[in-house]
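1. Whatever this is, show me its structure:
(one chain, ligands or ions: 1)
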Amino acid sequence: MYHKIGTLLPSPGTRPRYIQMFIYDTEHEIENRLLENNGLDRGLVDKIKHVLDAHNPFVQTLRQLAQRDDILNYENDKLNTPDDYDHIVRAEIPDKNDEPMLYEVVMRHMIHVNNLHYPTFKQAAEKRGFLEEDDSIRQCLIEARAVRMPSALRRLFATILLYCQPTGVRRLWEENYPYMIEDYPSSSSTNNVLILNRLLHEINSTLLQHKRSLKEFDLPQITEDYQDLRSISSLIEDELSIPIPLDDLNAVSKLNPDQLQAFNTIKHAIMRKQNQTFFVDGPGGTGKTYLYRALLATFRNVGFIMVATATSGIAAIQLPGGRTAYSKLKIPIKLDSSSICNFSKQSEVCQLLDRAATIIWDEAPMADKKAIETVDRTLREMFGVDLPFGGKIMIL
Ligand SMILES: Nc1ncnc2c1ncn2[C@@H]1O[C@H](COP(=O)(O)OP(=O)(O)OP(=O)(O)O)[C@@H](O)[C@H]1O
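-> Numbers count the residues shown, from 1 in each chain. Here you go, the predicted model:
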């Protein structure tokens, strides 16, 4: 209904139409109707008008609007949503004894019944069974989950918030949240907060474009910590979002005595931020990669940044988030005794290395000696610390 009726009062210079007939210039309502359509039978229109006035509760409600002082405020404002109408269109429940028939009609058709009032027209209509609670929205989201990318699902969710006025926002959120974050990589509990905030931030950005905000909805809110995290580079964010395989977390309990000794020694240094360089050596197949994976999982799981590199690409992909040392540390191809890695002090790479608890470089002995010296020289210079690798804990 609200799509068709336009403003409650006609705009200046135009004749009343549709719903405006019941409110504007009611003394000349018949004439106004005939002007709209001169083929009408005056007698018939008059009879219909009386029938509607006597028996239609909506017409009676609209007639009362004419007596409202604030109705003029709505003259030029199109009421766009059921809530807008609900705000001003209300019917009184007639006295059951004085007007039993009218009472029955109103009780049958009126939205707010039994003194139960709902914040919006839509909610009231749902409670009366005129609408199904968010069912069409839910169905739409279920279909979208099957065929749409998570990014499209996020935009759809924001659009639903903006235009569909769901009543159970929190329930829709809980149902669809896991599907909306599917393309945000993470598995640790630490990162879940980041992921939640990232999703909320993205939905909020869409809402802000339409001058709305997350705060208006029954949804979790962005935590303040996230505002700090927003200032970090995307490189660090990517590093914090590296998935942590459960097997790697469990690997700690399966380390053999040698591996465990190495694990504990390195752990000790990381916890105390002691500058140390470790050389993990052993014949092929003795569990070096196994140890690295256990270290990466354990410390990433508690929010540490662990940069994982290897000399060869094959070895790099054995480590979650692993890259070749040349690529990650921007080691130049041509090396000499004064080479420096290709990143500046202000670069995201430098920020990442600065925040990293440790740098793992698997198969380092296979790399050109000058490459290792270049990294050492660069980190000393970047961090202004004259210690091996600028004071970083290195595992080679
Ligand atoms: N403590 C352990 N418990 C169970 N399995 C282990 C353990 N340590 C190593 N392994 C297994 O042994 C195999 C070889 O281990 P890994 O690849 O870590 O050795 P590596 O020293 O890195 O070998 P390479 O130098 O050839 O790369 C892997 O399948 C690994 O899962």
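2. isn't residue 392 right up against residue 355?
-> No. With contact defined as C-beta atoms under 8 Å, residue 392 does not reach residue 355; the gap is 10.8 Å. (C-beta placed from N, C-alpha, C; glycine too.)
3. Show me which of these two is the more surrounded one.
-> Neighbours were counted for residue 392 and for residue 355 using other C-beta atoms under 10 Å; residue 392 has more, 24 against 16.
4. What distance do you get for the more buried one to residue 163?
-> 52 Å (C-beta to C-beta, to the nearest Å).
5. three-state assignment of residue 307?
-> Following DSSP: H, G, I helix; E, B strand; the rest coil, residue 307 is assigned to strand.
6. Start and end of stretch 365-372, how far apart?
-> Taking C-alpha to C-alpha, to the nearest Å, the first and last residues of stretch 365-372 lie 9 Å apart.
7. and it, is it in reach of the ligand?
-> No. Using C-beta under 6 Å from any ligand atom, stretch 365-372 stays clear of the ligand, with a minimum separation of 10.4 Å.
8. Just the buried residues of that stretch, please?
-> Neighbour-count burial for stretch 365-372, counted by 16 or more other C-beta atoms under 10 Å, picks out 367, 370, 371, 372.
9. Who are the contact partners of the second one?
-> Counting by C-beta atoms under 8 Å, 6 or more residues apart in numbering, residue 370 touches 335, 336, 337, 339.
10. Now tabulate those residues in a markdown table and tack on secondary structure.
-> Output for the contacts of residue 370, formatted as a markdown table (three-state DSSP):
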| residue | secondary structure |
| --- | --- |
| 335 | coil |
| 336 | coil |
| 337 | coil |
| 339 | coil |
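11. give the contact list for residue 263.
-> The contact partners of residue 263, by C-beta under 8 Å, 6+ apart, come to 252, 255, 291, 294, 295.
12. sorry, back to before: for the contacts of residue 370, which single residue is the most surrounded?
-> Neighbours here mean other C-beta under 10 Å. Within the contacts of residue 370, the largest count is held by residue 339, at 18 neighbours.
13. Please list the residues of the protein that sit near the ligand.
-> Within the chain, the residues that sit near the ligand (C-beta under 6 Å from any ligand atom) are 254, 255, 256, 259, 282, 284, 285, 286, 287, 288, 289, 290.
14. In helices, which of these appear?
-> 259, 288, 289, 290 (DSSP state H).
15. what number of residues lie near the first one?
-> Residue crowding around residue 259 was assessed by other C-beta under 10 Å; the count is 21.
16. thought it was touching residue 289?
-> No. In this structure, residue 259 is not within contact of residue 289 by C-beta under 8 Å, at 10.7 Å.
17. Ramachandran coordinates for residue 393?
-> Dihedral pair for residue 393: phi -80, psi 120, per degrees, to the nearest 10.
18. what pairs with it across the strands?
-> Following DSSP bridges, residue 393 is listed with bridge partners residue 358.
19. pLDDT score for it?
-> Looking at residue 393, its pLDDT reads 93.
20. do residue 338 as well
-> In this model, residue 338 is scored at 89, pLDDT.
21. The ligand versus residue 16, what's the distance?
-> Using C-beta to the nearest ligand atom, to the nearest Å, we find residue 16 at a distance of 82 Å from the ligand.
22. my guess is residue 368 contacts residue 334, does it?
-> No. Using C-beta under 8 Å, residue 368 makes no contact with residue 334, being 10.6 Å away.
23. Quick one: residues contacting residue 55.
-> Counting by C-beta under 8 Å, 6+ apart, residue 55 touches 101, 102, 105.
24. Among these, which one lies nearest to residue 243?
-> The shortest approach to residue 243 among the contacts of residue 55 belongs to residue 105, at 62.2 Å (C-beta to C-beta).
25. What is the neighbour count of the closest residue to that closest one other than its chain neighbours?
-> In this structure, residue 105 finds its nearest non-sequential neighbour in residue 57, 5.8 Å apart by C-beta to C-beta, 6 or more residues apart in numbering. Neighbourhood size, residue 57 [other C-beta under 10 Å]: 19.
26. now stretch 42-51: mean pLDDT?
-> Stretch 42-51 shows a mean pLDDT of 86.
27. Give me the distance between it and the centre of its chain.
-> 55 Å (C-alpha atoms, centre = their mean, to the nearest Å).
28. and that stretch, which residues are buried?
-> So stretch 42-51, judged by 16+ other C-beta under 10 Å, has buried residues residue 49.
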